[in-house]
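Enquirer: Next input, structure requested:
(one chain, ligands or ions: 1)
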Amino acid sequence: MVDSRLFKPMRIGNLEIQHRIVMPGVSRMRATVDHVPTDMMMEYYTQRAAVPGTLIIAEANILSAEHSGYTNAPGIWKPEQITAWKKITDAVHQRGCFMFMQVMAMGRMADPSEAEKEGFTIVGASAIPFMEGATVPQVMTVEDIKRTIGQFHQAAKNAMSAGFDGIELLAGNGMLVEQFLQDVTNHRNDEYGGSVENRSRFAVEALQAMVDAVGPKRVAVRLSPWSQFLGMGMEDPVPQYCDLVSKVDQMDLAYLHVIESRVKGGDDVVSSDKLDFVHQRWNGPVLVAGGYNGDLARKLLDEDYPARDFAVSFGRHFIANPDLVFRIKENLPLNHPYDRNYFYTHETKGYLDYPFTKKYLATVKN
Ligand SMILES: Cc1cc2nc3c(=O)[nH]c(=O)nc-3n(C[C@H](O)[C@H](O)[C@H](O)COP(=O)(O)O)c2cc1C
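Expert: Residues are numbered from 1 along each chain as shown. So this is what the prediction gives:
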């Protein structure tokens with residue numbers, strides 16, 4: 001494993017990551033009810049910065065008060081959030097690792113009780129609920145869209161103030177930007193809907209606003225073209241994502257992060273749909289996620305795409321293995337299966353108590 005390209009450095013924006021095992025955004029709901037990161041989160045991310053040179057992407061952060069939606073998810077619009085994240089990014093940097101922050105607007109997926117408590121309206125590209133009986137989102141006006149794009153610009157600046165190395169736009173996994181991208185959730189007939197090009201517009205403008213704020217090398221985007229998570233899944237995503245990826249490719253971003261069809265959110269599903277059409281239209285660094293283990297990741301980099309700048313994200317394995325990078329490098333078993341019962345609870349159990357291997361601990365002591 002040590003000889004695999006998995007353990008060769010790679011350039012991400014202005015950073016030089018030391019290996020290609022990345023921790024993607026994994027929401028764990030351990031922030032305060034006011035969306036401020038906690039000391040528990042600092043400990044969690046510090047644990048996962050076990051091997052120097054690792055790129056960690058902080059879990060999805062709420063964009064703004066009006067685009068909130070989950071209680072205990074962190075946010076990036078208030079000074080106290082920026083201050084709390086700065087402590088975490090400092091700790092991760094101190095261990096020689098790098099940290100991007102993921103940002104999301106939830107759109108129709110916002111929790112109605114959270115909307116009531118915080119006094120915001122649940123919005124979407126169109127008035128289409130994510131399932132029967134769910135809240136019908138209010139259709140965003142062009143003014144709403146422009147204001148939201150301004151918030152993405154500000155979020156990128158705030159992420160820099162919080163010490164992050166970059167910011168990744170969550171344009172997948174059923175969140176608002178994806179709700180604009182896909183025809184199952186976007187029935188608009190203005191400049192933000194009605195055609196492939198128009199459905200891409202919100203994502204492109206949000207990314208451009210972030211680039212204008214902090215420069216392209218600090219901006220990235222995450223897509224899940226095949227995912228049917230949270231009621232998504234267009235009949236044929238290929239033309240839509242070809243359009244978007246081709247446009248974003250021109251922006252010279254830090255990386256494109258794409259999710260394989262074999263996962264739906266954080267669950268495995270059976271699918272053989274491929275991401276080749278994305279890879280063909282993207283010239284920069286790529287992170288790929290979804291159902292990987294060490295062997296599959298090695299094969300992707302060494303055999304399938306030996307000439308490309310690819311890295312692999314491990315979601316669930318990173319939850320359960322703080323020393324995941326070390327374990328894969330040393331061919332050690334991942335013998336601590338993740339416990340779903342604690343994915344989204346607000347306690348240290350199932351969060352801070354996954355053990356390191358003795359072999360890793362010995363290297364730290366020496
Ligand atoms: C508990 C949990 C929380 C997640 N939260 C996020 C998130 O905040 N943002 C995101 O883009 N994906 C999120 N995901 C998806 C993961 O980033 C990843 O794409 C997925 O788990 C597939 O990778 P894996 O097979 O290595 O786990 C989450 C997954 C899990 C299991």
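Enquirer: In terms of helices and strands, where is the closest residue to the ligand within the stretch 51-200 of the chain?
Expert: Proximity of the stretch 51-200 of the chain to the ligand (Cβ to the nearest ligand atom) peaks at Ala60, 3.4 Å away. For the C-beta atoms, the positions are set from N, CA and C on the backbone; glycine is no exception. Element membership of Ala60, judged by DSSP states H and E, is strand 55-62.
Enquirer: what about that strand, average pLDDT?
Expert: Across strand 55-62, pLDDT averages out at 98.
Enquirer: Show the low-confidence segments of the protein, by residue range.
Expert: Applying pLDDT under 70 to the chain flags the ranges 336, 366.
Enquirer: Just to check, Leu6 is in contact with Asn331?
Expert: No. Leu6 is beyond contact range of Asn331, at 11.9 Å (criterion: Cβ atoms under 8 Å).
Enquirer: hang on, the earlier thing: can you list the buried residues in the following helix or strand past the strand holding Ala60?
Expert: Moving toward the C-terminus from strand 55-62, the next helix or strand (DSSP H and E) is helix 79-94. The neighbour-count check on helix 79-94 (16 or more other Cβ atoms under 10 Å) flags Gln81, Ile82, Ala84, Trp85, Lys87, Ile88, Thr89, Ala91, Val92 as buried.
Enquirer: Moving C-terminal from helix 79-94, which element do we reach first?
Expert: strand 98-104.
Enquirer: Can you name the residues of the protein that neighbour the ligand?
Expert: Where proximity means Cβ under 6 Å from any ligand atom, the interface of the chain facing the ligand comprises 24-27, 59-60, 102, 170, 173, 222, 259, 263, 265-266, 289-292, 314-317, 343.
Enquirer: at 5 Å what do you get?
Expert: Within the chain, the positions near the ligand by Cβ under 5 Å from any ligand atom are 24-27, 59-60, 173, 263, 266, 289-291, 314-316, 343.
Enquirer: tell me the contacts of the nearest residue to Ile88 once chain neighbours are set aside?
Expert: Distances taken as Cβ to Cβ, 6 or more residues apart in numbering place Met42 nearest to Ile88, at 4.7 Å, with adjacent residues excluded. The neighbourhood of Met42, defined by Cβ atoms under 8 Å, 6 or more residues apart in numbering, consists of Lys87, Ile88, Ala91.
Enquirer: will you turn those into CSV that also has distance to Glu132?
Expert: Shown next, in CSV, are these (distance: Cβ to Cβ, whole Å):
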residue, distance to Glu132
Lys87, 43
Ile88, 39
Ala91, 44
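Enquirer: any idea which of these is closest to Arg218?
Expert: Taking Cβ to Cβ as the measure, Ile88 is the one of these closest to Arg218, at 17.4 Å.
Enquirer: isn't that closest one right next to Met40, touching?
Expert: No. Using Cβ under 8 Å, Ile88 is not in contact with Met40; the gap is 10.5 Å.
Enquirer: hmm, back to that, any idea how far Leu244 is from the residue of the stretch 51-200 of the chain closest to the ligand?
Expert: Using Cβ to Cβ, to the nearest Å, Ala60 is found at 19 Å from Leu244.
Enquirer: Could you do Met1 as well?
Expert: 35 Å.
Enquirer: re earlier: who has more neighbours out of Leu6 and Asn331?
Expert: Comparing Leu6 with Asn331 by other Cβ atoms under 10 Å, the one with more neighbours is Leu6, at 23 against 10.
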